[in-house]
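> compute the structure for the input listed below.
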Amino acid sequence: MMYAQDPELTDASGDAFVTTLPRDPGYHAQLLWPELLVPVASSAFVDGKTDLVYITTDLMPGRTGHDWQAYARHSGRLDLLPGDNRWLFASHYVIALDMVRHGYGAALLPDFLVARELASGTLRLLHDASLPTHEDYHLCVKESRRSEHTLDALLQWFRQEVPKPSSIQRAGKLRLVQP
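Alright, predicted model coming up:
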């Protein structure tokens, strides 16, 4: 089940949870992947375009474009901020990604969400720095249930399937992918 907000971790709502808030006492939290945002735009629409529209996922009143402002400070790329406050809004990274795919603008999106499209060249990085959100993904299982065979198998499966973040990702730098 996917929740808009992290659910209360209880046996009543699930046996295991993938969450960005692994702080509940009595739960084992295994880091799956650090969330790092990267600035991307559609390769088809970015060539020759100097007036990109920016897509923000920060929808809190009074915080329009806060995500891009944080990225600009972190990366030292103040030129990536729109001068005329041209913003489009998306309530979720998946929606923002679809907007980018269709050429509506540039967005800050999790690196793992755009990895395939960066590799194929359909999306392009606007800059090589990544912004850590500190909302890393964890698999949480109740400590008292960790020895259950099925839950242990799930933990082992995640360890095998989720690649370890590279040193480049941990350092906050990505390789620029050119189409």
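> what values do phi and psi take at the residue nearest to S91 when sequence neighbours are not counted?
Spatial nearest neighbour of S91, excluding adjacent residues (C-beta to C-beta, 6 or more residues apart in numbering): L59 at 6.2 Å. In short, each C-beta sits where N, CA and C put it, glycine included. Backbone torsions of L59, given as degrees, to the nearest 10, read phi -100, psi 10.
> residues near L59, how many?
Neighbours of L59 under the rule other C-beta atoms under 10 Å: 12.
> from now on call the first residue 56
Happy to do that; since the first residue is 56 now, the last one works out to L114.
> how near is it to Y82?
29 Å (C-beta to C-beta, to the nearest Å).
> try F213
Distance from F213 to Y82, by C-beta to C-beta: 15 Å.
> which one's more surrounded, those two?
Legend: neighbour count by other C-beta under 10 Å for F213 and Y82, higher for Y82 (20 against 15).
> what strand or helix carries V169?
When elements are assigned from DSSP states H and E, V169 belongs to helix 166-175.
> which other helices and strands contact that helix?
Judged by 3 or more C-beta pairs under 8 Å, 6 or more residues apart in numbering; DSSP states H and E, the packing partners of helix 166-175 are strand 91-97, helix 148-156, strand 178-180.
> output these as a markdown table; include the columns mean neighbour count, distance to A71 and mean pLDDT.
Shown next, in a markdown table, are these (neighbours: other C-beta atoms under 10 Å; distance: least, C-beta to C-beta, whole Å; pLDDT from 0 to 100):
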| stretch | mean neighbour count | distance to A71 | mean pLDDT |
| --- | --- | --- | --- |
| strand 91-97 | 24 | 24 | 94 |
| helix 148-156 | 18 | 22 | 95 |
| strand 178-180 | 23 | 32 | 94 |
